[in-house]
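Q: Got a sequence here, can you build the structure:
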Amino acid sequence: MLTTPDPNPCYQFAEGHFESARATAIDRTKTGLMLIAIGFFIGWIPLVGAVGGILELVGAIMLILGRHAFGREHARNVMWSIIIFIITIVVAIVAVFAIVFSAIASYHLNSTNPSLPSSFGPYFIGTFLDVILIGIAIFGIAQVLFTYALQKRNGRILLWCGYVSIIVASSLNFFVLIKIPYLGSLLLVVPGTLYGYAYYLARDRIVRGEIPAPPAPPQGQLPQ
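A: This is a model prediction of the structure:
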């Protein structure tokens, strides 16, 4: 009589390890998306916004750790988001050094009365705000890419709307409402809500089982 051979223990171990790692990555991504969404929703509130920033940071780390469960496109986008974030930091540092060196170059040393040009104060503030706005625009691309591959059409539209609104809100805060901080904070409700809801939609797709795709069997094992 023909008998069916027992499954190879190596294949069983590999499959179990694969499923466990995949489930962990999915759970991390779901938790990370929820933390980031909450961070966006409360980020506009004065003082409380600092807590939102911490939640976003923790959530981003969890998304990075769980990126491989959702395919190459998502993993690649996450890595590009990290690269863009680093570029934002580098641009900010270079800009600060450039402003400092500009101040030194503009500093007229007299024998008894060193002084700065009267126009340097407004120039310094204007340049500093321009640098911050450029940094926000660059970092916004990272926020869009972070979950772009996890989104359907509606979620992607929300991400781009959030990107445009954060630039508009920041521009109004820096150049129009700079002396009214609390009113300026209210403008951040719009981008925070758009981003937060987009990230929530991505998590909802995971919870409902739309993503990730069914796992492939470990190499060397035939699908059943």
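Q: From here on, just use CA atoms for contacts and neighbour counts.
A: Will do.
Q: which residues of this protein score low on pLDDT?
A: By pLDDT under 70, the weakly predicted segments of the chain are 1-17, 102-124, 181, 214-224.
Q: any chance you could map the helices in it?
A: 9-42, 48-65, 71-106, 120-145, 153-175, 181-187, 189-207 (DSSP state H).
Q: For the fifth one, which residues meet the burial criterion?
A: Neighbour-count burial for helix 153-175 flags 155-163, 165-167, 169-171, 173-174 (criterion: 16 or more other Cα atoms under 10 Å).
Q: That one packs against which elements?
A: Where contact means 3 or more Cα pairs under 8 Å, 6 or more residues apart in numbering; DSSP states H and E, helix 153-175 is packed against helix 120-145, helix 181-187, helix 189-207.
Q: ok, now the longest one?
A: Contact partners of helix 71-106 among helices and strands, from 3+ Cα pairs under 8 Å, 6+ apart: helix 120-145.
Q: The helix it packs on to helix 189-207, inter-axis angle?
A: Interaxial angle, helix 120-145 versus helix 189-207 (axes from the mean of the first three to the mean of the last three Cα atoms, to 10 degrees): 20 degrees.
Q: how about helix 120-145: buried residues?
A: Buried, per 16+ other Cα under 10 Å, within helix 120-145: 129-133, 135-145.
Q: now stretch 192-207
A: Those would be 192-206, for stretch 192-207 by 16+ other Cα under 10 Å.
Q: quick one: the nearest residue to E73 once chain neighbours are set aside from Y199, how far?
A: Nearest residue to E73 in three dimensions, chain neighbours excluded: A149, at 6.3 Å (Cα to Cα, 6 or more residues apart in numbering). A149 sits 12 Å away from Y199, going by Cα to Cα, to the nearest Å.
Q: now do L183
A: 26 Å.
Q: cool, I61 as well?
A: Counting by Cα to Cα, the gap from I61 to Y199 is 15 Å.
Q: ditto for I206
A: Distance from I206 to Y199, by Cα to Cα: 11 Å.
Q: cool, E73 as well?
A: From E73 to Y199 the distance is 17 Å (Cα to Cα).
Q: Also I167?
A: The value you get for I167 to Y199, if Cα to Cα is used, is 19 Å.
Q: and what of H68?
A: In terms of Cα to Cα, H68 sits 18 Å off from Y199.
Q: ok, now which ones touch the residue nearest the centre of the chain?
A: With distances taken as Cα atoms, centre = their mean, the residue of the chain nearest its centroid is Q143 (3.6 Å). For Q143, the contact set (Cα atoms under 8 Å, 6 or more residues apart in numbering) comprises S81.
Q: now with 10 Å?
A: Counting by Cα atoms under 10 Å, 6 or more residues apart in numbering, Q143 makes contact with A60, V78, S81, I82, I84, F85, L159, W160, G162, Y163, Y195, Y199.
Q: now swap in I93 and tell me
A: Contacts of I93 by Cα under 10 Å, 6+ apart are I87, I99, V131.
Q: Among these, which one lies nearest to V48?
A: Closest approach to V48 among the contacts of I93 (Cα to Cα): V131, at 25.1 Å.
Q: hmm, back to that, so which of the buried residues of stretch 192-207 comes closest to I38?
A: G196 (6.8 Å).
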